[in-house]
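1. Test case, fold it:
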Amino acid sequence: MTTTTEALPRRASPWSILLSILLIIFGFLAITFPFFTSIGTGQVVGWLLLIGGLVQFVHAFQSTGIGHIVWKLLIAALYFVAGAYLLSHPVLGLAALTLALAAFFFAKSMVDVAAYFSTRKSGVSGWILVDGIVTLLLSLMIWSQWPAGSLWVAGTLVGIGMVWTGVTRLMMALAFRNDYRDKGEGSSEGRRAA
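-> A predicted model of the protein is given here:
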């Protein structure tokens, strides 16, 4: 029977720590070479859109009613066109993605600020406001650098995300390892005393 504490060493294995460190290294490389990372990100999104278009196309013929079929075919066509454009025009496609990212961050910041005003009396509402302000500043920074910033924004954000994920995984793995070691030492001391 496997208990939670018996499963901890597997979660904090050397492989988990190694993968975390590799994520951090590749994240720093993505930040160091944001142009290549941005182009790669645009290519991945392009392929995902093409695959999404294919899925929508197949799903359209599984629908009932002419309206549903036509609607799904139109969405499939939109996915195909957007994916093909990103793959055939990587720099221009990246500019469009960056503009969409700035618009997304702006909309998110407005939602966060509205959420702050609706939850002002709670103890965590200050963090919601800080998140909204930081996201608003990020959207304005991206917008002010657009379209020239398109060549570094996606790559830098992907790199930061990889570094953050790697650091988080590494800290969790080390915490699991220390917690397991502490519990193991406590149980062995208890056995020795008995």
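
2. so how far is I128 from A114?
-> 10 Å (Cβ to Cβ, to the nearest Å). In this view, the C-beta of every residue, glycine as well, is placed from N, C-alpha and C.

3. which other helices and strands contact the helix ranked longest in the chain?
-> Longest helix in the chain by number of residues (criterion: DSSP state H): helix 150-193. Helix 150-193 makes packing contacts with helix 4-11, helix 14-32, helix 34-60, helix 90-118 when contacts are defined by 3 or more Cβ pairs under 8 Å, 6 or more residues apart in numbering; DSSP states H and E.

4. Next, the angle from that helix to helix 34-60.
-> Here helix 150-193 runs at an angle of 90 degrees relative to helix 34-60 (axes from the mean of the first three to the mean of the last three Cα atoms, to 10 degrees).

5. Can you get me the centre-to-centre distance for helix 150-193 and its chain?
-> Remark: helix 150-193 is offset 18 Å from the chain centroid, using Cα atoms, centre = their mean, to the nearest Å.

6. before we move on, what about stretch 42-49?
-> 15 Å.

7. Check stretch 62-73 too.
-> With Cα atoms, centre = their mean, you get 32 Å for stretch 62-73.

8. in it, what's buried?
-> Burial within stretch 62-73, assessed by neighbour count using 16 or more other Cβ atoms under 10 Å, is assigned to K72, L73.

9. Quick one: residues contacting the residue nearest to V113 when sequence neighbours are not counted.
-> Of all residues not flanking V113 in the chain, G132 sits nearest, at 4.3 Å (Cβ to Cβ, 6 or more residues apart in numbering). G132 sits next to K108, S109, M110, V111, D112, V113, A115, Y116 when contact means Cβ atoms under 8 Å, 6 or more residues apart in numbering.
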